[in-house]
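# okay, here's the prediction I keep looking at, along with the sequence it came from:
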Amino acid sequence: MSVVDDALGTIFGPEAISVPADGIPTVRVPLAELLSAVERVRGELKHSRFVDVTAVDHLTREERFELVYLFYSLEQRTWLRLKARTDRDAPSITPMVPGANWYERELYDLFGIHFDGHPDLQRIMLPDDWRGHPLRRTEPLGSEPVDFTVTRSVYARD
Amino acid sequence: MTEIANPESRELLTVNMGPQHPSTHGVLRLELVLDGEVVVRCRPVIGYLHTGIEKTFEAKTYVQGVVLTDRMDYLNPLGNNLAYSLSVEKLVGCEIPARATVLRVVLAELTRIASHLMFIGSIALDLGASSPFLYCWREREKILDFFEGMSGARMMTSFIRPGGLARDIPPDIVASISTFVDTMPGYIDSYEELLTGNPIFRERTEGVGILPADDALALGCTGPVLRGSGVALDIRKSNPYCGYEQYDFAVPTGTIGDCYDRYLVRVAEMRESVKICRQALDSLPDGPVQTSDRKVMPPPRAELAKSMEAVIHHFKLWTEGIRPPAGEAYVGLESPRGELGFYVVSDGSGRPIRVHERGPSFANLQALPKIVEGGAVADVVACIASMDPIMGEVDR
C-alpha cells in the first residue's frame, strides 16, 4: 500500500493524490496527460488490469464531466483510481486497453462524451435515433416520457 | 445449375441471432457473419433490457436504492444488495454486527450456488440435455424457499441493506439451510454424473470457445470466465470483505479456457461455496443483525414508545434517509459472475448524485466475439452459455 503511495507521489506529485472513504488511492490528472498517465499506471505502477471507467456529471463546474478510471494490480492486489475532467471530448484508451471499448461507448451514449480514437463510437444501450443523453443531470429525473410513435410529437425534444 | 460454385468467391451470410432466441439468456442480439458454418464476425448488440437503473438511483434515497440492485443481476440479488450496501457503508463509515456479517456470507454463498445451478441447467439445456435443468431447478427451489421464508420474496429479496440485514433469519430457516448445506454435495455429484463425463456434453464444450488468459485480462473478464482461463483471481481471496479471510476455501481454475473449463470451474466453485456456508453456519454468533448507528438503521419499535430521541431518529431516517458525507466509494466483491462493485458518489444529501454498477456480465460479454469468431455457428450457443451473461446486469 505505502509502496504504491510513495511511487504515486513521485510520479504524479503529492498534490494530485487523494484517498477517499473507500481507501482506493486516487490520482487526478489533466485531460491532456490522461493517456500517458494510463500508460504509467499500467506499466510502472503495475496496475495493468482495467476494471472500469465511468463519469460523474457535476453540472455547476466549468468542466462538468469527471471521468473515473479504475485499475487493479494482480501483483499488489490493490485498486487504483484515475480521474480527469472534460466538458465533452476525451482521448480514448480503447486502442491501449481493449476492455474499455464498451465502457466508452456507454459513456458516449448516456453522457454524450466523445472519445477521440475510439474504433467504434456508437450508441450501445439506446437506439441509434435516440435524442439526448439520459445520464446528464440536465435530463429529467424519474419522469422520462415513454417513447411511442404517438407521443413523439407531444414530447419531442431537440 | 450448370456452373460449379467457385470456392474462391465465398458468399458471406449475415444472420441475426436473437434478440428473441431462447439460448441468448435474455434479450441479446448477435449479428453473425457466416461463411457456411463458420462464424467470420460476431457483433453483440445489447440494450434491449436497458431500463435506466443508474439514472433511477439519482431519484431514490440510499435505502430505496437497494431495491434497484436486485433487479440488475436477477440471479444474484443478494450479492448485488451486498455490493451496494458495502459501498454505502464505506461512505457512511458504520460498523456491522458480527452476526449480520456471517449471515451475509451465508446468503451470498447460497445465491452463488443458486446462480451456478441456473448456469449448469441452462448450458445443458442449450446443448440439448433437458433433464439436468430439472434437477438443478429442484435444488434452486429449495434455496428460493429459504429466501421466501426469511424475506417474503423469492428473488427480489432486498434483504441485505446498508447497516446490516432487513431482519434476523428465523431459527427454523437457519436449521433448514444447515440441512441443505449438508445434502448439497451429493446433489452436485449427481449433476456431475449427468454432465461432466457425458461424451456428448464434452464433445460440445471441450476445445470450444477457447479464451487465452491474456485476452481475458485485456478484455476485462473476471470471475469463472477469467479463472477458467487459468488466472486465479478471486476477490474473496485477494481483497477479502465480510470476513472471507476466516474461511477455508480453494480458488478452482481451469487450464486452457474453453467452455468445458468454465463449466468445471463453476461446479468446483459450488463445492467451495458449500464449504464456506458450512463454516459460516458453524461459527454463527448470536446478537443483533443491524448496526446501532441510528443515522443508518432505524431504532427498534419498542424504543419509540420510550425515547424522544428514537422518535426523532426514526422520523429523520424515513423522511430524509441516510445522509453520507460528500465523497465516493467503490467496493469490489466476487459475484457468481466476477468482479462486481458499485461506485457511489455522494454530495452530502439524502440521495446519491451518481451510482454506477461495474457489473461482470458487461465486461465478460465483450469477450464473446473473441471466442466465437472462427468457430462453428452451432458452438455459438455453447459459448454464450459458458459466459453466463445476465442481460439485466449488462443493460441495466
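Good, I have the coordinates. Residues are numbered from 1 along each chain as shown, chains lettered A, B, ... in the order given.
# leaving out sequence neighbours, find the closest residue to the closest residue to chain B within chain A.
Here chain A gets closest to chain B at one residue, A:Gly99, 3.1 Å apart by C-beta to the nearest C-beta. Bear in mind the C-beta positions are built from the backbone N, C-alpha and C, glycine included. Computed as C-beta to C-beta, 6 or more residues apart in numbering or on different chains, the closest residue to A:Gly99 that is not its neighbour in sequence is B:Gly220, at 3.1 Å.
# my guess is B:Val274 contacts B:Ile113. True?
Yes: counting by C-beta atoms under 8 Å, B:Ile113 is a contact partner of B:Val274 at 7.0 Å.
# okay, and the common contacts of these two?
Taking C-beta atoms under 8 Å, 6 or more residues apart in numbering or on different chains as the contact criterion, the common neighbours of B:Val274 and B:Ile113 are B:Met184.
# what residue in the stretch 101-250 of chain B comes nearest to chain A?
B:Gly220 (3.1 Å).
# that residue: what's it in contact with?
A:49-51, A:99-100, B:363, B:366.
# same question for B:Glu89.
Contacts for B:Glu89 (C-beta under 8 Å, 6+ apart) come out as B:96, B:162-163, B:296.
# assign the residue nearest to A:Gly99 to helix, strand or coil.
Recorded secondary structure, B:Gly220: coil (DSSP: H, G, I helix; E, B strand; the rest coil).
# what pLDDT does it get?
Looking at B:Gly220, its pLDDT is 87.
# how near is it to B:Cys277?
The gap separating B:Gly220 from B:Cys277 is 29 Å, by C-beta to C-beta, to the nearest Å.
# same question for B:Tyr244.
B:Tyr244 is 12 Å from B:Cys277, by C-beta to C-beta.
# neighbour count winner among those two?
B:Cys277 (25 against 20; other C-beta atoms under 10 Å in any protein chain shown).
# you'd agree the more buried one is in a strand?
No: read with three-state DSSP, B:Cys277 is helix and lies in no strand.
# let me see the contact set for B:Asp261.
Contacts of B:Asp261 by C-beta under 8 Å, 6+ apart are B:228-229, B:254-255.
# got those as CSV, with pLDDT, neighbour count and secondary structure columns?
Converted to CSV, the contacts of B:Asp261 look like this (pLDDT from 0 to 100; neighbours: other C-beta atoms under 10 Å in any protein chain shown; DSSP: H, G, I helix; E, B strand; the rest coil):
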residue, pLDDT, neighbour count, secondary structure
B:Gly228, 90, 31, helix
B:Ser229, 90, 26, coil
B:Gly254, 88, 24, coil
B:Thr255, 89, 11, coil
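# and of the residues you listed, the nearest to A:Gly43?
Nearest to A:Gly43 among the contacts of B:Asp261 is B:Ser229, at 22.6 Å by C-beta to C-beta.
# now do the contacts for A:Lys83.
A:26-29, A:66-69.
# so A:Leu110 touches A:Gly132, yeah?
No: A:Leu110 is not in contact with A:Gly132 according to C-beta under 8 Å; the separation is 9.8 Å.
# which one's more surrounded, these two?
The residue with more neighbours, out of A:Leu110 and A:Gly132, is A:Leu110; 26 against 14, by other C-beta under 10 Å.
# quick check: the gap between that one and B:Phe342.
17 Å.
# and B:Leu68, by the same measure?
Using C-beta to C-beta, we find B:Leu68 at a distance of 10 Å from B:Phe342.
# same deal with A:Leu141?
Taken as C-beta to C-beta, the span from A:Leu141 to B:Phe342 is 19 Å.
# can you check B:Tyr263 too?
29 Å.
# next, B:Val331: phi, psi?
phi -120, psi 120 (degrees, to the nearest 10).
# wait, it sits on B:Tyr343?
No: assessed by C-beta under 8 Å, B:Val331 is found out of contact with B:Tyr343, at 9.3 Å.
# okay, and the common contacts of the two?
With C-beta under 8 Å, 6+ apart, B:Val331 and B:Tyr343 have common neighbours B:Ser87.
# all strands for the chain, in order.
Let's take chain A. All strands of chain A, identified by DSSP state E, fall at A:17-18, A:26-28, A:49-57, A:65-73, A:78-86, A:89-91, A:114-116.
# actually it's chain B I care about, not the one you picked
In chain B, the strands defined using DSSP E lie at B:13-17, B:29-35, B:38-45, B:160-161, B:164-165, B:327-335, B:338-346, B:354-358.
# and these: which comes nearest B:Arg301?
strand B:164-165 (15.9 Å).
# what's in contact with that closest one?
By C-beta under 8 Å, 6+ apart, strand B:164-165 touches B:96-97, B:100, B:103-104, B:159, B:288-291, B:297.
# please name the nearest non-neighbouring residue to residue 106.
Since you didn't name a chain, this refers to chain A. Once flanking residues are discounted, A:Glu106 sits nearest to A:Ile124: 5.4 Å by C-beta to C-beta, 6+ apart.
# um, chain B though
Closest to B:Val106 by C-beta to C-beta, 6+ apart is B:Ala280, at 4.9 Å.
# which non-adjacent residue is nearest B:Lys237?
Counting by C-beta to C-beta, 6+ apart, the residue nearest B:Lys237 is B:Val251, at 5.6 Å.
# again but with B:Arg41, I slipped
Per C-beta to C-beta, 6+ apart, closest to B:Arg41 is B:Val33, 4.1 Å.
# got the contact list for that neighbour?
Taking C-beta under 8 Å, 6+ apart, one finds B:12-15, B:39-42 in contact with B:Val33.
# for chain A, state which of the residues you listed is nearest.
Among the contacts of B:Val33, B:Arg41 lies closest to chain A (C-beta to the nearest C-beta), at 12.4 Å.
# ok, the closest one touching B:Gly375?
No: B:Arg41 lies out of contact with B:Gly375 (C-beta under 8 Å); the separation is 12.0 Å.
# same drill for the two, tell me which one is more crowded.
B:Gly375 (19 against 15).
# contacts only, for that one.
Contacts of B:Gly375 (C-beta under 8 Å, 6+ apart): B:38-39, B:208-209, B:383.
# for residue 73, grab the count of nearby residues.
All of this refers to chain A. Counted by other C-beta under 10 Å, the residues lying close to A:Ser73 total 18.
# that's the wrong chain, I wanted chain B
Residues contacting B:Asp73 under the criterion other C-beta under 10 Å number 28.
# please apply the same query to the one 5 residues further on.
The criterion is other C-beta under 10 Å. On that basis, B:Leu78 has 25 neighbouring residues.
# likewise for A:Phe148?
Considering only other C-beta under 10 Å, A:Phe148 is surrounded by 9 other residues.
# can you list the low-confidence ranges for chain A?
Along chain A, the model assigns pLDDT under 70 to residues A:1-5, A:142-147, A:151-158.
# good, we can wrap up now.
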